[in-house]
Structure formats: C-alpha cells, structure tokens
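Asker: Sequence plus predicted model, see below.
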Amino acid sequence: MVKKILIIEDEAPLRMALEEKFGNEGFDVVTADNGEDGLMLAQEQMPDLILLDIILPKMNGFDVLNHLSKNDTTKEIDVIVLTNLSETGKVGDVVRKGVSEYLVKADWTLEELLEKVKNKLNV
C-alpha cells in the first residue's frame, strides 16, 4: 500500500525538493505552502505522515499541531517537524504536542530525512 505524506512548507525550493524526493521513492505526496491549507489537507487527505514547518504564513506550525492533536481523526497522524528554530523552549513545546521527530533544517540531508520517514512508516 502506498503511503501518503503531507508536506507543509512555505519555502518553495525546499517544498519542491521534498516533493520530488518522496515522489520518486513511491510515496503519494500532497503539499501546502501555509498552515491553514496544510491543516485542511490533513483533515481531507488523512496522510500517514506530515512533514511540518513551524514558521508558516496564515497559521504557524504550533497552531497546526494544536488543531491536529484536538481532532480525533488527525491526532494519530505522525508528524515530523522541520524547522530553523532550535531554541530549547520551542523544541520542548513541540515535543510535548506529540511530535515524532524535531529536525533543524540545517542539520539533515534529504537522504537522512528519507530514511527517518521510511523507518517511521515501516517501509
């Protein structure tokens, strides 16, 4: 069964690179460039995993996480946060919201992220 990934990222080059990488690996990829659209897609598409930026237009990643965790249909979706925020307080906030992984964008490669996603989804 094909696994679906929702990428919520406002930086177009990164969003497109992630979409291409995961699409080429056989994942069904859905993307959003802001938190509002991302939340709507999460509720409509029910992805197996969400790659979520924190600093987003219209609705930030923290608010997206809040909405996801309060909705019975979306609260079980695995979320990996990809962000430039590395402040300890912010990391703690995200981890307490039930995020699977918290990755600082500058600290990983696409290959490393792909492996984390595959491990998380058991593929």
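Answerer: Happy to help now that I have it.

Asker: Stretch 16-33: how far from the chain's middle?
Answerer: Average the C-alpha atoms of stretch 16-33, do the same for its chain, and the two points are 12 Å apart (C-alpha atoms, centre = their mean, to the nearest Å).

Asker: Repeat that for stretch 62-70.
Answerer: Between the mean C-alpha position of stretch 62-70 and that of its chain there is a distance of 12 Å (C-alpha atoms, centre = their mean).

Asker: How about stretch 57-65?
Answerer: With C-alpha atoms, centre = their mean as the basis, the distance from the averaged C-alpha position of stretch 57-65 to the chain average is 11 Å.

Asker: And the helices in this structure, which stretches?
Answerer: Under the criterion DSSP state H, the chain carries helices at the ranges 12-24, 35-45, 61-70, 88-96, 110-121.

Asker: mean confidence score for the shortest one?
Answerer: When pLDDT is averaged over helix 88-96, the result is 50.

Asker: Would you point out which residue is most central in the protein?
Answerer: Centrality entry for the chain: nearest residue to the mean C-alpha point is L51, 1.5 Å, by C-alpha atoms, centre = their mean.

Asker: quick one, what contacts it?
Answerer: By C-beta atoms under 8 Å, 6 or more residues apart in numbering, the residues touching L51 are 5-9, 18, 80, 82, 113, 117. To be clear about C-beta, it is placed using only N, CA and C from the backbone, and glycine gets the same treatment.

Asker: most neighbours, which of the residues you listed?
Answerer: Compared across the contacts of L51, I8 has the highest neighbour count, 29 neighbours, by other C-beta atoms under 10 Å.

Asker: which residues does it bridge with?
Answerer: With beta bridges defined as DSSP bridges, I8 has these partners: A32, L52.
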